[in-house]
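Enquirer: fold the following and give me the result.
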Amino acid sequence: MAGEPQDDCLFCKIVEGHIPATIIRETETIVAFRDINPQAPTHVLVIPKAHYRDAATLAAAAPELAADVLRETQAVADEDKLESYRVVFNTGTGAGQTVFHAHAHVLGGRGMEWPPG
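Expert: Down below sits the predicted model:
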């Protein structure tokens with residue numbers, strides 16, 4: 001069920017403290033942690049604590065929670081003193097989503113190419 005922790009979800013396990021992560025921010029609704037395979041000097045994942053399969057599902061079911069995720073991307077950028085940065089939501093396998101728990105990638109600290117890939 002949307003919003004409920006999923007036993008087979010890596011990010012739900014991080015939220016619950018069952019899998020370690022380098023957590024840099026946490027609020028009542030989100031957790032932000034360093035990516036274990038960084039693609040830029042700053043590569044942080046910002047996730048809602050509640051489980052939603054992807055960004056589209058999150059936005060439709062809980063827009064206020066989606067706003068919390070976006071708000072925290074700015075806080076991450078501020079903490080890492082990024083003047084510019086990229087926020088990426090991969091939705092679906094064709095877009096590169098590998099963990100099916102909505103999450104934003106905050107990437108910065110180097111130049112970003114366009115188109116991204």
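Enquirer: distance from the longest helix anywhere in the chain to the middle of the chain?
Expert: For the chain, the helix with the greatest residue count under DSSP state H is helix 63-79. Centroid displacement of helix 63-79 relative to its chain, using C-alpha atoms, centre = their mean, to the nearest Å, is 9 Å.
Enquirer: for stretch 91-108, how far is the first residue from the last?
Expert: End-to-end distance for stretch 91-108, by C-alpha to C-alpha, to the nearest Å: 20 Å.
Enquirer: got the buried residues for it?
Expert: Thr91, Gln97, Phe100, His101, Ala102, His103, Ala104, His105, Val106, Leu107, Gly108 (16 or more other C-beta atoms under 10 Å). Where C-beta positions appear, they are placed from N, C-alpha and C, glycine not excepted.
Enquirer: redo those as a markdown table? Include distance to Ile19.
Expert: Below are those laid out as a markdown table (distance: C-beta to C-beta, whole Å):
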| residue | distance to Ile19 |
| --- | --- |
| Thr91 | 23 |
| Gln97 | 19 |
| Phe100 | 16 |
| His101 | 12 |
| Ala102 | 17 |
| His103 | 14 |
| Ala104 | 19 |
| His105 | 18 |
| Val106 | 20 |
| Leu107 | 22 |
| Gly108 | 25 |
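Enquirer: what's the farthest-apart pair in those residues?
Expert: Pairwise distances across the buried residues of stretch 91-108 peak at 25.0 Å for Phe100 and Gly108 (criterion: C-beta to C-beta).
Enquirer: and of the buried residues of stretch 91-108, the nearest to Glu16?
Expert: Checking the buried residues of stretch 91-108 against Glu16 by C-beta to C-beta gives His101 as the nearest, at 12.0 Å.
Enquirer: and the closest one, what does it touch?
Expert: Contact partners of His101, counting by C-beta atoms under 8 Å, 6 or more residues apart in numbering, are Gln6, Cys9, Leu10, Phe11, Cys12, Ile47, His51, Tyr52, Arg53.
Enquirer: buried among these? Make that a PyMOL selection.
Expert: The buried subset of the contacts of His101, as determined by 16+ other C-beta under 10 Å, is captured in PyMOL by this line:
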select buried, resi 9+11+12+47+51+52+53
